[in-house]
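Chemist: build me a model from this:
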Amino acid sequence: GNQISIKFDEVEIADNLLYLWLDDVDLSSLNGIAKAKNLQHLHLSNNALKGTLPKELFKLTKLTYLNLDNNMITGRIPNDISRLSNLVDLYINSNKIS
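Modeler: Presented below is the predicted three-dimensional model:
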């Protein structure tokens with residue numbers, strides 16, 4: 001992949017950010033992504049996300065599309081996912097989610 005380091009420190013400035021493609025970049029952290037409060041489509045497939053589903057994601061209540069395919073996410077899908085009431089498409093294949 002094209003390993004990059006991304007910080008979402010000031011992403012809240014991008015009020016019109018609706019679509020974000022970060023596939024295949026060896027991304028390992030989503031710290032701060034919750035500040036992108038208007039995000040609707042988030043593409044995160046083929047990265048290096050590990051552990052349980054990041055809690056930051058559940059603050060993105062306008063999400064309609066979320067792709068987390070081919071990461072290293074483990075554990076269960078928490079009840080917090082119900083906060084994503086606009087979510088239509090969720091892709092979590094090729095992880096270790098039970």
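
Chemist: now the strands for this protein?
Modeler: 19-21, 41-43, 50-51, 65-67, 72-75, 89-91, 96-97 (DSSP state E).

Chemist: and the fifth one, average pLDDT?
Modeler: Across strand 72-75, the average pLDDT comes to 96.

Chemist: on that earlier part again, mind checking which of the strands of the chain is nearest residue 12?
Modeler: The closest of the strands of the chain to residue 12 is strand 19-21. By Cβ to Cβ, the value is 13.4 Å. Bear in mind the C-beta positions are built from the backbone N, C-alpha and C, glycine included.

Chemist: what pairs with that closest one, and is each one parallel or antiparallel?
Modeler: strand 41-43 (parallel) (DSSP bridges).

Chemist: flag every buried residue along the strand it pairs with.
Modeler: For strand 41-43, the neighbour count (16 or more other Cβ atoms under 10 Å) marks 42, 43 as buried.
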